[in-house]
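[1] Quick one, what's the 3D model for this:
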Amino acid sequence: MIAPDRKDFVSLAVDESRSYTNGKRRKQSYWRKWKQLSSLQRSLILFVLVLLLISGFTVYPGLLTHWRAQSDTAEGRNDGDEVQAHIERNGGDNVILPEPPSERKGFRKRGPPALQNRLQKKGNDSELQGVALKMMKEDGNKLLVSWHGSVFKLGEDTNDKKAIQPESTDTSIAESRQEAVREAFRHAWKGYKEFAWGHDELKPISKSYTEWFGLGLTLIDALDTMWILGLKKEFEEAREWVATHLSFGKNVDVNLFESTIRILGGLLSTYHLTGDSLFLEKAKEIGSRLMPAFGTPSKIPYSDVNIGTGVAHPPRWTSDSTVAEVTTIQLEFRELSRLTGDPKYQNAVMEVMKQVHKLEGKHDGLVPMFINTNNGQFTHLGVYTLGARVDSYYEYLLKQWIQGGKTEKDLLEDYMQVVEGIKKNLLKKSSPLGLTFVGELSHGHFSPKMDHLVCFLPGTLALGAHNGLPVEHMELAQQLMETCYQMYAQMETGLSPEIVHFNMQPGSTQDVDVKPADRHNLLRPETVESLFYLYRFTKDKKYQSWGWEIFQNFNKYTRVDSGGYTSINNVRDPQSPSPRDKMESFFLGETLKYFYLLFSDNLDLINLDKYIFNTEAHPLPIWPKTN
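    Predicted structure coming up:
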């Protein structure tokens, strides 16, 4: 019935004893009884209530957790219902939502707190762009959503590293990312074709070119990339140039190492991928013209050779070659011998490896940076690094062993000793994130300096583990992969500098420090290369996500409107990164190729049990095992 004196309340009478009036009288009687108590009695009761309240606060966290656990299901269902309703109101599966925090302008989700705050102030939240969000499937009471390649559950914190780990593969996203790489290649090729056709390297800002050897270096370096990316039209244009214009009979000095990995390696790889004998014939010609470099007293090759006159020589200022130059030509010359049946190429390069294997001057397997071409001995002893002048020696120890069917024990022995030497002498932790990095050793003094070139190492370690080496190598690879990613993520442009120094002092606010002279980015491939290996072997989608982030930043800060991409001078200044006006040939030969392979889930797209990549990303076949 309705109480006549309170029209804003409604009571349903079950029996006459449960009327509103009787309830009111009971409340009044309780108050009368309280007033009848003495002051002491009321104080004691209040004191007990306060004790109970304090006890409640003590156990409150546990109660709150219990309450949240009970309410999660209902909240998740409500979240899903609201999103589904929003989708239905907008007439389809696609909904436009703000981009995740990691995609915002100027924001680096994995940087240290101080850097994050600084970058957030620079960003403009009002300029957030929308992205398509697609409902995927129900997972219990949570709704799975695809967002920038990651699949996560609604209601979870997208700033939480664990929350944004992908749970399934969206093939359309993989395909769109691969198409983005194709478009980037076409854009770079457009600039090269228009302003530098047949020359070595494009200068995209000035719309001109630079000449190094005068052998169409970018074109040859990019041949197998075009084939792998399915860019048949561009490939046919380049093949026609090779057939009609590529000549090695020029009176020109070339660097043995660079010519081997880029030209010889590129031609051999393209021959294997296409079966076109044109490329094998060109490979034979350049290989034979490089052989005079091995005519030294020690059989350690000179760094330079004139491919027209056949005269080889060291640099003007020294009789030394770098260790990387003489020990990173083996994959290519060995393969040339296998294809031609002429052992002279393999014999020459393996003589180098035999000598380096037994040389003194190593430090737990680590080698100095220089070797003398007259006496065959290491020089500049006491400096050990995995960076420039020696980096790919370590890479080719493992890759020669794999290429030859895992039979050459000296190569494996040297590689295993190197890994232990790195762990013993060069591995340290940074502050504040505790990143594992590879430093340098100079006459017993450790330096926390790490070249971007060293980021080949995670991929090499992972490749070794894939081929049966200890699982600890894969664990170290994953730690170093995180470090190499942070070399990008902690920079304001999201692009890595050429060299970093890691902070090791407790209380540091940022792990990475960069000296002004080291802030340039040359469009290098090493980090993307390692991301490819780590993703291929682990299938952890975070590596693809990291790669996509890096790719977008290359597009943002290095893409030139008229065609091509340029290296930049300052990765710490997103407002003025200062272009250097040069697109290295390895951007097409390596960087974009590894991006494309990273975004692919097709294991047969350059099967790593059938091919080994040379240090310029040119795949060569692993030799069949012989009885």
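[2] What does the closest residue to Phe213 other than its chain neighbours show for phi and psi?
    Of all residues not flanking Phe213 in the chain, Val254 sits nearest, at 4.7 Å (CB to CB, 6 or more residues apart in numbering). Heads up, the C-betas are built off the backbone N, CA and C, glycines and all. Dihedral angles of Val254 (phi, psi; degrees, to the nearest 10) stand at phi -130, psi 150.
[3] Name the residues linked to Val254 by a beta bridge.
    Taking DSSP bridges as the rule, Val254 bridges to Val305.
[4] Break this protein down into its domains, please.
    Split into domains by automatic domain parsing, the chain comes to 93-122+132-168, 171-620.
[5] got the contact list for the closest residue to Leu264 other than its chain neighbours?
    Leaving aside its chain neighbours, Leu264 sits nearest to Glu332 (4.8 Å; criterion: CB to CB, 6+ apart). Contacts for Glu332 (CB atoms under 8 Å, 6 or more residues apart in numbering) come out as Thr260, Ile261, Leu264, Gly265, Leu268, Gly287, Asn614, Leu620.
[6] wait, which of those residues is closest to Ala477?
    In terms of CB to CB, no member of the contacts of Glu332 lies closer to Ala477 than Asn614, at 19.7 Å.
[7] Now do the same contact list for that closest one.
    Asn614 sits next to Ile261, Gly265, Ser269, Leu331, Glu332, Lys399, Leu620 when contact means CB under 8 Å, 6+ apart.
[8] if you set the cut-off to 10 Å instead, what comes out?
    By CB atoms under 10 Å, 6 or more residues apart in numbering, the residues touching Asn614 are 260-262, 264-266, 268-269, 328-332, 335, 392, 395-396, 399, 403, 620.
[9] Then Gln377?
    If you count contacts by CB under 10 Å, 6+ apart, Gln377 has them with Ser298, Ile300, Asp320, Gln355, Leu359, Glu360, Gly361, Pro368, Phe370, Ile371.
[10] Separate out the buried members of these.
    Buried residues within the contacts of Gln377, counting neighbours by 16 or more other CB atoms under 10 Å: Ser298, Ile300, Asp320, Gln355, Pro368, Phe370, Ile371.
[11] So what does the residue found closest to the third one once you drop the neighbours it is linked to in the chain have for phi and psi?
    Which is Asp320. Spatial nearest neighbour of Asp320, chain neighbours left out: Phe370 (4.3 Å); criterion: CB to CB, 6+ apart. With angles defined as degrees, to the nearest 10, Phe370 sits at phi -130, psi 150.
[12] is it fair to say Leu441 lies in a strand?
    Yes - assessed by DSSP: H, G, I helix; E, B strand; the rest coil, Leu441 belongs to a strand.
[13] of the buried ones among the contacts of Gln377, closest to His520?
    Comparing those against His520 with CB to CB places Phe370 closest, at 24.4 Å.
[14] Help me confirm that Ile263 comes into contact with Ile329.
    No - assessed by CB atoms under 10 Å, Ile263 is found out of contact with Ile329, at 11.6 Å.
[15] now for the buried ones among the contacts of Gln377, which pair is the farthest apart?
    So, these by CB to CB: farthest apart are Ser298 and Pro368, at 15.5 Å.
[16] follow-up on the earlier one: just the element for the residue nearest to Leu264, please.
    Take DSSP states H and E as the rule and Glu332 turns out to sit in helix 330-340.
[17] likewise Leu461?
    Using DSSP H and E, Leu461 maps to helix 457-466.
[18] ok, now Gly387?
    Going by DSSP H and E, Gly387 is not in any helix or strand.
[19] Was I right to think it contacts Leu366?
    No - judged on CB under 10 Å, Gly387 makes no contact with Leu366 at a distance of 12.0 Å.
[20] Same drill for these two, tell me which one is more crowded.
    Between Gly387 and Leu366, Leu366 has the larger neighbour count (other CB atoms under 10 Å), namely 23 against 19.
[21] May I have the beta-bridge partners of that one?
    In this structure, Leu366 bridges to His363 when assessed by DSSP bridges.
[22] Let's see the pLDDT reported for Pro269.
    Quick fix: residue 269 reads Ser, not Pro. pLDDT recorded at Ser269 is 98.
[23] Just give the closest residue to it, not the sequence neighbours.
    Spatial nearest neighbour of Ser269, excluding adjacent residues (CB to CB, 6+ apart): His618 at 3.7 Å.
[24] quick one: the one you found from Ile307, how far?
    Counting by CB to CB, to the nearest Å, the gap from His618 to Ile307 is 19 Å.
[25] show me what contacts Ser297?
    That one is not Ser; residue 297 is Pro. Contacts for Pro297 (CB under 10 Å, 6+ apart) come out as Asn372, Thr373, Asn374, Asn375, Gly376.
[26] From the residues you listed, which land in strands?
    Residues of the contacts of Pro297 located in strands (DSSP state E): Asn372.
[27] Now for the spatially closest residue to Asn569 that is not a sequence neighbour: which residues touch it?
    Setting aside the residues directly before and after it, Asn569 is nearest to Ser578 in space (CB to CB, 6+ apart), at 3.7 Å. With contacts defined as CB under 10 Å, 6+ apart, Ser578 is in contact with Arg519, His520, Thr566, Ser567, Ile568, Asn569, Asn570, Val571.
[28] okay, now the first one: neighbour count?
    Which is Arg519. The number of residues packed near Arg519 is 23, by other CB under 10 Å.
[29] Repeat that for the fourth one.
    Other residues near Ser567 number 21, with proximity taken as other CB under 10 Å.
[30] The fifth one now?
    A count of nearby residues for Ile568, using other CB under 10 Å, gives 24.
[31] try the second one
    Neighbourhood size, His520 [other CB under 10 Å]: 18.
[32] just checking, it touches Val571?
    Yes - if you go by CB under 10 Å, His520 and Val571 touch, sitting 7.4 Å apart.
[33] okay, and the common contacts of these two?
    Common neighbours of His520 and Val571 (CB under 10 Å, 6+ apart) are Leu495, Pro497, Glu498, Val514, Pro577, Ser578.
[34] Narrow those residues to those that are buried.
    In the shared contacts of His520 and Val571, the ones that pass as buried (16+ other CB under 10 Å) are Leu495, Pro497, Glu498, Val514, Pro577.
[35] Which of those fall in strands?
    Applying DSSP E to those, no entry is found in strands.
[36] So which of those residues is the closest to Thr340?
    Glu498 (38.2 Å).
[37] how close does the closest one get to Asp200?
    Noted for Glu498: a distance of 21 Å to Asp200, by CB to CB.
[38] Repeat that for Val514.
    29 Å.
[39] quick revisit: the residue nearest to Ser269: neighbour count?
    For His618, the neighbour count with other CB under 10 Å is 31.
[40] now the helices for the stretch 501-627 of the chain?
    Listed in chain order, the helices of the stretch 501-627 of the chain (DSSP state H, counting those that start in this stretch) span 526-538, 541-558, 585-586, 592-598.
[41] Let's have the ones you listed in CSV, adding distance to Glu175 and mean neighbour count.
    Formatted as CSV, those follow (distance: least, CB to CB, whole Å; neighbours: other CB atoms under 10 Å):
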stretch, distance to Glu175, mean neighbour count
helix 526-538, 16, 25
helix 541-558, 13, 20
helix 585-586, 26, 24
helix 592-598, 11, 27
